[in-house]
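# Fold the following, please.
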Amino acid sequence: MRLVSYCIFLRKEPEGEYTVTVPTLPGCVTYGETIDEAIEMAREAIELYIEHLQEKGEEIPTEEGLLEYTLTVEAHA
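Numbering: from 1, shown residues only. Coordinates of the predicted model:
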């Protein structure tokens, strides 16, 4: 067994809960009522996603070599 790290994004929804996406794992989306719950749900969703890939004999994506940068631009409305 090896450890793999993934970047997750949490978005607070108007209803107050948090939606979580995992950009490296397409379609891996979950939510939680609190930040802590959302993070725990993301951990579970990632583990299930990886398990599914392994069952299908597919490669497990990693973030090796991935660079993250936040770019700010002007939005003309």
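# For this protein, which residue occupies the most central location?
Taking C-alpha atoms, centre = their mean as the criterion, Val22 is the residue nearest the geometric centre of the chain, at 1.8 Å.
# Am I right that Arg43 is in a helix?
Yes: for Arg43, which was evaluated using DSSP: H, G, I helix; E, B strand; the rest coil, the result is membership in a helix.
# Could you tell me the phi and psi values at Tyr31?
The phi and psi torsions at Tyr31 (degrees, to the nearest 10) take the values phi -150, psi 170.
# Show me what it is bridged to.
According to DSSP bridges, the residues that bridge with Tyr31 are Thr19.
# pLDDT on stretch 55-66, on average?
Mean per-residue pLDDT for stretch 55-66: 94.
# What is the burial count for the closest residue to the residue nearest to the centre of the chain other than its chain neighbours?
Spatially, and ignoring its direct neighbours in sequence, Val22 is nearest to Cys28 (4.0 Å; C-beta to C-beta, 6 or more residues apart in numbering). From N, CA and C alone the C-beta is placed, and that goes for glycine too. Taking other C-beta atoms under 10 Å as the criterion, the count of residues near Cys28 is 19.
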